[in-house]
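> Here's a sequence, model it:
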Amino acid sequence: MKAPNPRLLAFSGLVCTGLLMGLVACGGSQTPQASGPQPATAKEGEVADAGPEAAAAAAPPERPFAGSATEATQLISGVVDKYTDPVSKCVREYRARKNLPRQRVELSVGIDQDGRLLGVTLKGKPDPTLSSCVQDVLKGAMFPRSHAGVITVTKSYEEIVQ
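Here you go, the predicted structure:
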């Protein structure tokens, strides 16, 4: 019996490998679903595809991207300023609780490079109740993403004496 041609064996091995890769790429395996809440499915009689406008409205807004640490600081400061009234309420409650009616309160807000709130701290003597109150206020805020790492913005709250 004659030995098989080595070139023919190499070629047939290449063809088989290509076929197997094609089968794997075209199906046969399923990608595992991410854990967590799953999107609601359409009920009987409802239209499953509401169109691109509905999909855009349902998707969470994308966080802005800051090109520099300075821009990130400015954007974060602007976001915190949008929550001035509820944060001021936390500060007033802190002052009443500590009997410091006109005390200047400085809060530092830490944001990571993905725009997530890391924490809120009181300058000087920490107060977990105040920090927790302000964190609850800011937890849904859309802080910017950046390549600047952790950004800390300090805000001062003072009572204006008339």
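
> quick one: the helices in this structure?
6-26, 52-58, 69-82, 84-98, 128-138 (DSSP state H).

> Out of these, which gets the lowest mean score?
When the helices of the chain are ranked by mean pLDDT, helix 6-26 comes last with a mean of 43.

> what's the burial count for Gly124?
The number of residues packed near Gly124 is 10, by other CB atoms under 10 Å. The C-beta positions use only the backbone N, C-alpha and C, and glycine is treated the same way.

> Quick check: phi and psi on it?
phi 90, psi -120 (degrees, to the nearest 10).

> residues in contact with stretch 141-156?
61, 63-69, 71-73, 75-77, 79-80, 82-83, 87, 104-118, 123 (CB atoms under 8 Å, 6 or more residues apart in numbering).

> make it 7 Å
For stretch 141-156, contacts defined as CB atoms under 7 Å, 6 or more residues apart in numbering pick out 61, 63-66, 68-69, 72-73, 75-77, 79-80, 83, 104, 106-115, 117-118, 123.

> and if you look at stretch 82-96?
Under CB under 7 Å, 6+ apart, the answer for stretch 82-96 is 101, 103, 105, 127, 130, 133-134, 137-138, 141, 157.

> Buried residues of that stretch, list them for me.
83, 87, 90-91, 94-95 (16 or more other CB atoms under 10 Å).

> Save the residues you listed as JSON lines, and put in distance to Thr152 too.
Below are the buried residues of stretch 82-96 laid out as JSON lines (distance: CB to CB, whole Å):
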{"residue": "Tyr83", "distance to Thr152": "17"}
{"residue": "Val87", "distance to Thr152": "16"}
{"residue": "Cys90", "distance to Thr152": "18"}
{"residue": "Val91", "distance to Thr152": "18"}
{"residue": "Tyr94", "distance to Thr152": "20"}
{"residue": "Arg95", "distance to Thr152": "23"}
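
> hang on, the earlier thing: neighbour-wise, give me the winner out of the contacts of stretch 82-96.
Val134 (26 neighbours).

> Quick check: nearest residue in space to that residue, chain neighbours excluded?
Val120 (4.3 Å; CB to CB, 6 or more residues apart in numbering).

> For the one you found, give me its contacts.
107, 109, 131, 134-135, 138.

> make it 8 Å
Here Val120 is in contact with 107-110, 130-131, 134-135, 138 (CB under 8 Å, 6+ apart).

> tell me which residues form a beta bridge with it?
Val109 (DSSP bridges).

> Look up how far Asp136 lies from it.
Between Val120 and Asp136 the computed distance is 10 Å (CB to CB, to the nearest Å).
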